[in-house]
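J.: Model the following, please.
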Amino acid sequence: MGANLANADFTEANLYKVILGFIVGIPKSLPNGWMLSIEGIFFCSYGADLRTANLTNVTILWIGINSS
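T.: Below is the predicted model:
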């Protein structure tokens, strides 16, 4: 089971080099340029540590874009 990130606000978060995968729930927001897979199990962007991620057949759901 992964981390439950339902409704988490990551707008200003620095996720550089964070190991990401097996996420539970959909966060409220992501940092600018970050993406969440449609399956809701991976974040990805420049600087994400996806060395252990199996991204076969993963589809991108949305990209965090700040309007500020």
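
J.: How many residues are close by E12?
T.: By other CB atoms under 10 Å, the residues close to E12 number 9. C-beta: built from backbone N, CA, C; applies to glycine.

J.: OK, contacts around it?
T.: Counting by CB atoms under 8 Å, 6 or more residues apart in numbering, E12 touches P31.

J.: neighbours around the residue lying closest to A8 once chain neighbours are set aside, how many?
T.: In this structure, A8 finds its nearest non-sequential neighbour in P27, 4.4 Å apart by CB to CB, 6 or more residues apart in numbering. Close neighbours of P27, defined as other CB under 10 Å, add up to 19.

J.: Strands along the protein, start to end?
T.: For the chain, the strands defined by DSSP state E cover 35-37, 43-44, 60-63.

J.: now the first one: mean pLDDT?
T.: Looking at strand 35-37 alone, the average pLDDT works out to 77.

J.: Just checking: what are the partner strands of it?
T.: Sheet pairing of strand 35-37 (DSSP bridges) gives strand 43-44 (antiparallel), strand 60-63 (antiparallel).
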